[in-house]
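Colleague: quick one, fold the following:
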Amino acid sequence: MISSDISRAITHDVEFCPNDNILLTAVPGFNANTCRWYASATDTVVLATDTVFSPVIASTTTFYVASYNTLNGIESPERVPLTVELQQGLYREEFADVCVEDMPYLWNNQTYYESGTFEQVIPTVNGCDSTFILHLAVHQRYNLGDYAEICENELPYTWNGVTFQSAGVETVTLPSAYGCDSVVTMRLVVLHSADVQEERTICSAELPYSWNGFEFEDAGVQVATFPIPGGCDSTVTMVLTVNPSYSVEDTMELSVNELPYEWNGVVFTEAGSQTVTLTTAEGCDSVVSMYLLTPDAVSDFAAADFVRVWPNPSEGVFHFSTNLSHGQVMVFDVYGKMVMVKEITDGVSTLDLSGCADGMYLLKVTDGAVVKRTLKLVKR
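Modeller: Residues are numbered from 1 along each chain as shown. A predicted model of the protein is given here:
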């Protein structure tokens, strides 16, 4: 028989923190010497028989306790509830990116001086520990230098929002991904292109003339492009002047009593021909031949393709005679351009150069394809 005079057990609700060893205690009522623990008010499964119970729980749980007399096996009819409230501590993980000038870094009343992962265990109001994790990254500010070389034709030059109109130094402040500003200085060097003009004078005998891959066949202008260190092109302009060289034949008649006769450093003691090489005012060599005639030698010279021009020099009109019966008389300027051609006729012919510029001309007398004589004409 179950006695109804067994009093209820004395209990009170308790609170625990995670990972605590839970120890529940109940005081049995009068005439009972221990307690029984149940999961519910009607459960028939006894969890433990003792005044002390140490359950394993994961959340707030209510147990039921009854007074029990082990001697006669009598249990109190009433089960007293006992609630075990499991207080949860906090777990928090934080990430912080800071600039070096923000150090030291204060977090939860602790001071940190470098990057790293830090843990704090702090008791909360209910007495349970809370875990706080800090991932601290300290970012540097940088003073950086940049350098660039450009060609002059690449100006204006834009860099990080700054426009260079010429060579120089500029500084900008750039934010990083974490908000830490860095100072960057650019030094810009501008390579100048050179535009050079070169002038050169040569003699016609030096043609063709080679210069930097160009072949001059005559006077003229050519432009060459050269890369300079840094990749910028420079131009050089060549102005070539060509001074003519001459090949001239001249004829002079003297009486015998005028001998000896000196001509360009050569002394004639009798009729004949001499050739000298003379340097012009422009420095070019010219070959001049002189045919000296005396009255005794005229007939012999006449038999040998006689040619005579007078007056020479002239203001434009020259008289010409020859013992050749056919052929052509051609007049060229000093650049080799033909300015006149006439067929040879008997007697005296007139060569009119009035419409030509003053200067020296060459007269060539041909007999078919053969040049018989070359004389110098001077128009003044």
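
Colleague: count of residues packed around the closest residue to residue 176 other than its chain neighbours?
Modeller: Counting by C-beta to C-beta, 6 or more residues apart in numbering, residue 176 lies nearest to residue 182, which is 6.0 Å off, once chain neighbours are set aside. Every residue, glycine included, has its C-beta placed from N, CA and C. Applying other C-beta atoms under 10 Å, we find 15 residues neighbouring residue 182.

Colleague: contacts only, for residue 182.
Modeller: The contact partners of residue 182, by C-beta atoms under 8 Å, 6 or more residues apart in numbering, come to 141-144, 173-176.

Colleague: widest-spaced pair of those residues?
Modeller: With distances taken as C-beta to C-beta, the most widely separated pair in the contacts of residue 182 is 143 and 175, at 14.6 Å.

Colleague: can you map out the helices along the stretch 251-380 of the chain?
Modeller: Along the stretch 251-380 of the chain, counting by DSSP state H, counting those that start in this stretch, helices occupy 295-302.

Colleague: and the strands in it?
Modeller: With DSSP state E, counting those that start in this stretch, the ranges of strands along the stretch 251-380 of the chain come out as 261-263, 266-268, 272-279, 285-293, 307-310, 317-322, 328-332, 338-343, 349-352, 359-367, 370-379.

Colleague: redo those as JSON lines? Include mean pLDDT, mean neighbour count and distance to residue 150.
Modeller: As requested, these are arranged in JSON lines below (pLDDT from 0 to 100; neighbours: other C-beta atoms under 10 Å; distance: least, C-beta to C-beta, whole Å):
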{"stretch": "strand 261-263", "mean pLDDT": "78", "mean neighbour count": "13", "distance to residue 150": "67"}
{"stretch": "strand 266-268", "mean pLDDT": "82", "mean neighbour count": "14", "distance to residue 150": "67"}
{"stretch": "strand 272-279", "mean pLDDT": "75", "mean neighbour count": "12", "distance to residue 150": "51"}
{"stretch": "strand 285-293", "mean pLDDT": "71", "mean neighbour count": "18", "distance to residue 150": "51"}
{"stretch": "strand 307-310", "mean pLDDT": "78", "mean neighbour count": "18", "distance to residue 150": "68"}
{"stretch": "strand 317-322", "mean pLDDT": "82", "mean neighbour count": "18", "distance to residue 150": "66"}
{"stretch": "strand 328-332", "mean pLDDT": "87", "mean neighbour count": "19", "distance to residue 150": "55"}
{"stretch": "strand 338-343", "mean pLDDT": "87", "mean neighbour count": "12", "distance to residue 150": "56"}
{"stretch": "strand 349-352", "mean pLDDT": "85", "mean neighbour count": "14", "distance to residue 150": "65"}
{"stretch": "strand 359-367", "mean pLDDT": "84", "mean neighbour count": "18", "distance to residue 150": "53"}
{"stretch": "strand 370-379", "mean pLDDT": "80", "mean neighbour count": "17", "distance to residue 150": "59"}
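
Colleague: using CSV, lay out those together with distance to residue 55.
Modeller: Output for those, formatted as CSV (distance: least, C-beta to C-beta, whole Å):
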stretch, distance to residue 55
strand 261-263, 146
strand 266-268, 145
strand 272-279, 130
strand 285-293, 129
strand 307-310, 147
strand 317-322, 145
strand 328-332, 133
strand 338-343, 132
strand 349-352, 144
strand 359-367, 133
strand 370-379, 139
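
Colleague: what's the closest of the ones you listed to residue 202?
Modeller: strand 285-293 (12.2 Å).

Colleague: the closest one to strand 370-379, inter-axis angle?
Modeller: With axes from the mean of the first three to the mean of the last three C-alpha atoms, to 10 degrees applied, the angle from strand 285-293 to strand 370-379 works out at 100 degrees.

Colleague: which strands and helices lie in contact with strand 285-293?
Modeller: Using 3 or more C-beta pairs under 8 Å, 6 or more residues apart in numbering; DSSP states H and E, the elements in contact with strand 285-293 are strand 247-253, strand 261-263, strand 266-268, strand 272-279.

Colleague: run the chain-centre distance for the last one.
Modeller: What that stands for is strand 272-279. 63 Å (C-alpha atoms, centre = their mean, to the nearest Å).

Colleague: partner strands of that strand, parallel or antiparallel?
Modeller: Counting by DSSP bridges, the strands paired with strand 272-279 are strand 285-293 (antiparallel).

Colleague: nearest spatial neighbour of the spatially most central residue of the chain, skipping sequence neighbours?
Modeller: In the chain, the centroid-proximal residue (C-alpha atoms, centre = their mean) is residue 150; its distance is 6.2 Å. Nearest-residue entry for residue 150: residue 157, 5.6 Å, with adjacent residues in sequence omitted and distances by C-beta to C-beta, 6+ apart.

Colleague: I'd like the distance from residue 140 to residue 183, if you could.
Modeller: Distance check for residue 140 against residue 183: by C-beta to C-beta, to the nearest Å, it reads 12 Å.

Colleague: ditto for residue 107
Modeller: Distance from residue 107 to residue 183, by C-beta to C-beta: 29 Å.

Colleague: same check on residue 65?
Modeller: Noted for residue 65: a distance of 74 Å to residue 183, by C-beta to C-beta.

Colleague: just residue 226 next, same as before
Modeller: 40 Å.

Colleague: so the residue nearest to residue 313 when sequence neighbours are not counted bridges to which residues?
Modeller: Take residue 313 and drop its neighbours on the chain: the residue closest to it by C-beta to C-beta, 6+ apart is residue 378, 3.8 Å away. The residues listed as beta-bridge partners of residue 378 by DSSP bridges are residue 360.

Colleague: sweet, I'm off.
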